[in-house]
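Asks: need a structure here:
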Amino acid sequence: MEEEIKKRLKKFIQGKVGSVREFERGNRLSNGAVNNAKYKLPDMVEFVRGIYPDLDTKWLMFGDEATNDVPIINMFALGGSLTEQLDSASVSTLERVQTPVKGAQMAIEVSGDSMAPKYPSGSRLFCRLVDDPTFIEWGKVYVLDTTQGAIVKELRPGSSSDSVTCYSVNDNEKYAPFEVPFSSIRGIWKVLAGLILE
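Replies: Residues are numbered from 1 along each chain as shown. Next comes the predicted model:
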């Protein structure tokens, strides 16, 4: 693990000044100081952080797997389609939140009570994009980005292979199941975890 941390530390330094040697020279360190065994790694990390406070220690310790924040979308305030909001050009303007689950690519705040009590209004759902609709797990909850807006529903097979049936968890009769044709779906996001905000 120490060697992996050293590799990431060197990569970070190279991104800042071009080479580890240049960093060592510019900071009056001996040649090989960053990689030298006589230096304690935690001390070197603190030294580098003193110069570059933006050094992400989680990334340093765990690598790219430590990237644990995702863009969050509020369903009620969603302007345009979910796919458009998460377009690479727009995603940088979105607020980001910490995700409790590995593999999540976005979070969405639930609006309405059709999925209550499991996911009441205000809950945060952490989701991953489904690349292939044939991998939908029937009976699981998904976020569908449709031409009519984003919806959170439990999915089951439709009356034909061209559609899915959307079910609400809330058994109130006003939340009757309905079908959505695949042609109206821009994106399918599997809910990996839900966080209910008290």
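
Asks: How about the contacts made by the closest residue to Ser159 other than its chain neighbours?
Replies: Excluding its sequence neighbours, the residue lying closest to Ser159 (Cβ to Cβ, 6 or more residues apart in numbering) is Glu179, at 6.4 Å. Bear in mind the C-beta positions are built from the backbone N, C-alpha and C, glycine included. Counting by Cβ atoms under 8 Å, 6 or more residues apart in numbering, Glu179 makes contact with 158-159, 163-166.

Asks: 7 Å instead, please
Replies: 158-159, 163-165 (Cβ atoms under 7 Å, 6 or more residues apart in numbering).

Asks: between these, which has the most around it?
Replies: Val164 (24 neighbours; other Cβ atoms under 10 Å).

Asks: Next secondary structure element downstream of the helix or strand hosting that one?
Replies: Assigned by DSSP states H and E, Val164 belongs to strand 163-167. As assigned by DSSP H and E, the chain's next helix or strand after strand 163-167 is strand 178-181.

Asks: which neighbours does that following strand have in its sheet, and in what orientation?
Replies: strand 163-167 (antiparallel) (DSSP bridges).

Asks: got a list of contacts for stretch 27-40?
Replies: Contacts of stretch 27-40 (Cβ under 7 Å, 6+ apart): 6, 9-10, 13, 20-21, 24, 44, 51.

Asks: By neighbour count, sort out the buried ones in those residues.
Replies: Using 16 or more other Cβ atoms under 10 Å as the burial test, those include 6, 9, 13, 20-21, 24, 44 as buried.

Asks: Would you tell me which strand is longest in this protein?
Replies: strand 185-195 (DSSP state E).

Asks: And for the closest residue in space to Cys127 that isn't next to it in sequence, the neighbour number?
Replies: Of all residues not flanking Cys127 in the chain, Trp189 sits nearest, at 3.8 Å (Cβ to Cβ, 6+ apart). Trp189: 25 surrounding residues under other Cβ under 10 Å.

Asks: if I pick Trp189, what's in contact with it?
Replies: 127-130, 142-143.

Asks: do that again at 8 Å, thanks
Replies: 82, 105-106, 108, 127-130, 142-145.

Asks: List the buried residues in stretch 144-160.
Replies: Neighbour-count burial for stretch 144-160 [16+ other Cβ under 10 Å]: 144-146, 150-155, 158.

Asks: out of the residues you listed, which are inside strands?
Replies: 144-146, 150-155.

Asks: quick check, nearest of the residues you listed to Thr99?
Replies: Nearest to Thr99 among those, counting by Cβ to Cβ, is Val152 at 17.0 Å.

Asks: Surely the closest one and Val143 touch.
Replies: Yes: between Val152 and Val143 there is a contact under Cβ atoms under 8 Å: 5.3 Å.

Asks: where do the contact lists of the two overlap?
Replies: 108, 125, 191.

Asks: State the pair within the ones in strands among the buried residues of stretch 144-160 that is farthest apart.
Replies: Top of the distance list for those (Cβ to Cβ): Asp145 and Glu154, 16.5 Å.

Asks: Brilliant, that's me finished.
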